[in-house]
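[1] 3D model of this:
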Amino acid sequence: MIGRVGAVDYGRRRVGLAVSDALGITVRGLPTLVRPDDEAAAVAATAAALRAEQVVRVVVGLPLHADGRPSEMSAEARRFGDALGRALGLEVVYVDEGLTSWEAEQDLRAAGKDLRRAQQSGAVDQAAAKALLRGYLRERDARPAEPAGPATPGDRPPDDAPPEDEG
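    Below you'll find the predicted structure:
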């Protein structure tokens, strides 16, 4: 699939955002949104940021328990993602955000960033959205392609071909 994919790391205080290039090769973070208390305003701001990037699909992270069960935050993230999908008129894909916040913190530490400052500035949320998107793209690219039919045109006669003479 060709087209930009956007990722959302939903939070009650901040929404981390990231976007891929049109081929799904590179990922870059977008400015983290400080989430308004009003859900509709938060959805509208997120939709505007992703619309400006011309995304064709949105990935929303679901915070699941370690055993894969949904958490209270999963339901909130799903409601937010559903509303975002309606606002954009796009498909929303939900993925386990797993250890994206931990991965984001590790990446920021490795880059020499002060973690407390990064959390306050929203850099952790942005890095988590980037990690979420990288994971989604890796998984998507690892899936086997659907078979496109016969390997070569001569493998099978066309449906309207006359029967071969057996004589």
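
[2] residues near the residue nearest to residue 64 when sequence neighbours are not counted, how many?
    Spatial nearest neighbour of residue 64, chain neighbours left out: residue 96 (5.1 Å); criterion: CB to CB, 6 or more residues apart in numbering. All C-beta spots, glycine's among them, are computed from the backbone N, C-alpha and C. A total of 14 residues lie near residue 96 under the criterion other CB atoms under 10 Å.

[3] Tell me what residue 96 is bridged to.
    Beta-bridge pairing for residue 96 (DSSP bridges): residue 62.

[4] show me the contacts for it.
    Applying CB atoms under 8 Å, 6 or more residues apart in numbering to residue 96 gives the contacts 61-62, 64, 68.

[5] Output the longest helix belonging to this protein.
    Across the chain, the longest stretch assigned as helix under DSSP state H is helix 123-142.

[6] Can you give me the buried ones in the helix or strand hosting residue 60?
    Using DSSP states H and E, the element containing residue 60 is strand 55-62. Neighbour counts over strand 55-62 (16 or more other CB atoms under 10 Å) mark 55, 57-62 as buried.

[7] now swap in stretch 76-92 and tell me
    So for stretch 76-92, counting by 16+ other CB under 10 Å, buried means 76-78, 80-81, 83-85, 87-88, 90, 92.

[8] re earlier: from the contact counts, what lies against the longest helix of the chain?
    Using 3 or more CB pairs under 8 Å, 6 or more residues apart in numbering; DSSP states H and E, the elements in contact with helix 123-142 are strand 4-9, strand 14-20, strand 27-34, strand 55-62, strand 92-96, helix 100-110, helix 115-121.
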